[in-house]
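S.K.: need a 3D model of the following:
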Amino acid sequence: MADRTERTQEATPRKQEKLRDEGKIARSIEVGAAAAILAMGLALAATGSTIARTVYTVTTRAMRLQDVGNPTYALASLVPALGSTLLPALLATAVVTAAVGLAQTRGLFNLSLVMPKLERLSPASHLPRLLPGKDSALELGKSLLKLVILGIVVYRIVAAAAPRFALLAAVEPTVAAAEVGSVATKVAVHGAIAFALIAVVDYVLARRRFLEEAKMSHQEVKDEHKEEQGDPTVRRRIRARMREAARRRAVSDVRKATVLVANPTHISIALRYETDRDAAPVILAKGIDDVATQMRSAARKHRVPIVENRPLARALHAHGKLGQYIPVELYRAAAEVIAHVMRLRAGAYV
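M.R.: Residues are numbered from 1 along each chain as shown. As a prediction, this is how the structure comes out:
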């Protein structure tokens, strides 16, 4: 691992993707906490009156059932009613929290990160987290800041509602419960908004810290580029092998040719034309310089006629493709060459 002072390059997309696969991403727990509180506050705002009435009804029934002398029956009958009332708010909070978590991780779910590992059971692996440090001081500071903000929010809202609270004893219990629920909702919403501001700042800092820790040294960038592109020496060796294979194939295919069109020294083109097989001449092989010379040697060895036609050889090399018919505009010139070869062969058998 490169020293931190050597890591001056921004992390490449490949490095960031690798870190993401390892579960190392920029994220803030404050974002999830703020989202959960806000979702709970909004859910309470939407269902607060219903919850207040249910709480009043449940409390009244509990008192009556307690008089009967069967607290177990009382609890069993009250929990479903209270649970069904709170369920929408709890579900909304869970869904929003999960959605925010997925948004931060861009849908990352790595099963290996939650699988049990023996090293996690070792107390020594958790010791750095327990010791005072920069991160622990930062977390402590955030926690204290949230407590202070929450205290201010609660104080201001409750202080504003204090005159109304003094009158609750004289109103219907359902009205009193609704008022208390309204105040609790305000506390949740305003607290969530304040926490959201902290979460934004915390996420920006987390993102900056992540990018700083993900930086790479010049050598790491070069090594990664080498891995992606391949070692230059290996690439040169592969290209050399490919050229050698192409040369061997070109020289080998000359023996199947009808004629070898030459430049006369720099270019050689092997053409095949069999009347019962080909609708037009086919380019079997192409070569320049040393390969062209070897193709001519192979042509002499296998008794393939060599015709020197500089314009045709150049045109076939520039515009023709291996294994395909020659271009239409070269049919006439190629036909003259092949006809010449046919006449030579015919004369040889006379």
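S.K.: now residue 322, nearest residue through space, not along the chain?
M.R.: residue 283 (5.7 Å; C-beta to C-beta, 6 or more residues apart in numbering). For the C-beta atoms, the positions are set from N, CA and C on the backbone; glycine is no exception.
S.K.: now do the strand or helix carrying residue 141, average pLDDT.
M.R.: Taking DSSP states H and E as the definition, residue 141 sits inside helix 134-165. Predicted confidence along helix 134-165 averages 79 (mean pLDDT).
S.K.: now it: buried residues?
M.R.: For helix 134-165, the neighbour count (16 or more other C-beta atoms under 10 Å) marks 142, 146, 149-150, 153-154, 157, 161 as buried.
S.K.: please apply the same query to stretch 250-264.
M.R.: If you call a residue buried by 16+ other C-beta under 10 Å, then stretch 250-264 has these buried ones: 250-251, 253-254, 257-263.
S.K.: so which of those sit within strands?
M.R.: In strands, defined here by DSSP state E, the members of those are 259-262.
S.K.: residue contacts, residue 186?
M.R.: Residue 186 is in contact with residue 157, counting by C-beta atoms under 8 Å, 6 or more residues apart in numbering.
S.K.: following element in sequence after the strand or helix carrying it, please.
M.R.: Using DSSP H and E, residue 186 sits within helix 173-213. The first helix or strand that comes after helix 173-213 along the chain, using DSSP H and E, is helix 218-229.
S.K.: that older thread, and of the buried residues of stretch 250-264, the nearest to residue 95?
M.R.: The shortest separation between residue 95 and any of these is 66.4 Å, and it belongs to residue 250 (by C-beta to C-beta).
S.K.: tell me the contacts of the closest one?
M.R.: Remark: with contacts taken as C-beta under 8 Å, 6+ apart, residue 250 is in contact with 270, 285-287, 291, 294-295.
S.K.: which SS state does residue 11 fall under?
M.R.: Per DSSP: H, G, I helix; E, B strand; the rest coil, the local secondary structure of residue 11 is coil.
S.K.: in space, what's closest to it - neighbours in sequence excluded?
M.R.: Taking C-beta to C-beta, 6+ apart, and ignoring the residues beside it in sequence, residue 11 has residue 214 as its nearest neighbour in space, at 3.8 Å.
S.K.: swap in residue 327?
M.R.: residue 319 (5.1 Å).
S.K.: and the gap between that neighbour and residue 286?
M.R.: Using C-beta to C-beta, to the nearest Å, one gets 11 Å for the distance from residue 319 to residue 286.
S.K.: tell me which of these two has more neighbours.
M.R.: Neighbours per residue, other C-beta atoms under 10 Å: of residue 319 and residue 286, the larger number sits with residue 286, 21 against 11.
S.K.: what packs against the host helix or strand of residue 335?
M.R.: Here residue 335 is covered by helix 331-348, with elements defined by DSSP H and E. If contacts are counted by 3 or more C-beta pairs under 8 Å, 6 or more residues apart in numbering; DSSP states H and E, helix 331-348 sits against strand 259-262, strand 267-272, strand 306-308, helix 310-319.
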